[in-house]
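A.B. asks: Here you go, sequence then predicted model.
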Amino acid sequence: MSYGNYGMPASGIILSPDAGPVPPVPLQQPQNLFRFGEQTIWSSLNFNGATALASTTNRLFSVPIGSTGQGFGNALSIAETNLKEGGRVPSGVAYDVFGISTEISMGNQISDTTADLYQGLPIDTAAEIADLTNILHNGVLSWDFTQTVVDICPVILAGTGGGAFGAIAQNAAGANSGNMNNGNGSIWMYRKHPVALPGNTTFSVVLRFGSRAAPVGTNAVNVRLTLLGYYKNVIEIG
């Protein structure tokens with residue numbers, strides 16, 4: 001190979017027969033780049049003690065962090081949601097959902113004067129286990145795209161489900177001790193065909209209950225729904 005001025009190849013370029021085709025070189029600098037990543041989006045509902053669940057529809061992903069709603073009397077914190085804007089995928093980001101996880105935990109009792117004071121308390125009594133299985137077996141999740149509702153699955157199939165796991169024992173005084181939860185891990189939905197949420201899409205997920213769902217017991221119940229997915233956005237560079 002011969003070189004002309006400034007180190008550039010001269011017109012009489014010589015290539016090895018095994019070198020393959022010369023790769024194309026763009027005449028212009030790219031105007032944008034695509035950025036990909038894996039991220040979760042989550043949202044929570046709070047059902048205070050004695051709340052009736054039968055035949056109700058409850059909306060998630062409609063309240064952003066720092067605002068009140070979805071059953072919470074206090075502003076939602078990072079543990080309850082990471083949405084910056086209620087009901088919207090961030091501007092300029094396309095999001096593909098490949099899994100859904102539903103976590104159920106206990107909160108404060110009716111006797112507590114401050115609404116939604118605590119979350120994530122142990123599920124260690126028969127009444128609290130009944131609250132857990134009540135939501136697992138009577139709740140159904142659905143997408144709500146403003147004018148279109150698409151059923152997803154019963155709660156028991158939306159990740160972290162499959163029943164109540166743990167151990168309960170009685171001490172010498174007859175009091176219960178231990179902890180129950182609804183499992184961790186498995187992703188049951190959208191393993192082959194992700195749900196696409198284009199940037200600025202208005203969406204929510206609704207948790208609906210059948211007519212045979214029992215009311216919430218003495219303790220509040222918290223339901224946190226997490227969307228597992230990939231995002232793609234465009235970075236303008238020119």
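C.D. replies: On my side now, so go ahead.

A.B. asks: ok, Gln39 - contacts?
C.D. replies: Counting by C-beta atoms under 8 Å, 6 or more residues apart in numbering, Gln39 touches 95, 229-231. Yep, even glycine has a C-beta here, placed from its N, CA and C like the rest.

A.B. asks: can you tell me how far it sits from Lys192?
C.D. replies: 20 Å (C-beta to C-beta, to the nearest Å).

A.B. asks: re the thing from before, so of the contacts of Gln39, which ones are in strands?
C.D. replies: 95, 229-231 (DSSP state E).

A.B. asks: Which among these count as buried?
C.D. replies: 95, 229, 231 (16 or more other C-beta atoms under 10 Å).

A.B. asks: can you redo these as TSV with distance to Ser211 and pLDDT?
C.D. replies: Formatted as TSV, those follow (distance: C-beta to C-beta, whole Å; pLDDT from 0 to 100):
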residue	distance to Ser211	pLDDT
Tyr95	34	88
Gly229	33	89
Tyr231	38	84
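
A.B. asks: Okay, now the unreliable bits of this protein?
C.D. replies: Across the chain, the ranges flagged by pLDDT under 70 are 1-20, 22-35, 91-92, 113-115, 161-162, 170-177, 182-188, 234-238.

A.B. asks: Distance from the chain centre to stretch 152-160, please.
C.D. replies: Taking C-alpha atoms, centre = their mean, to the nearest Å, one finds stretch 152-160 lying 12 Å from the centre of the chain it belongs to.

A.B. asks: what about the helix or strand hosting Val205, distance to the chain center?
C.D. replies: Assigned by DSSP states H and E, Val205 belongs to strand 204-209. Computed by C-alpha atoms, centre = their mean, the chain-centroid distance of strand 204-209 equals 13 Å.
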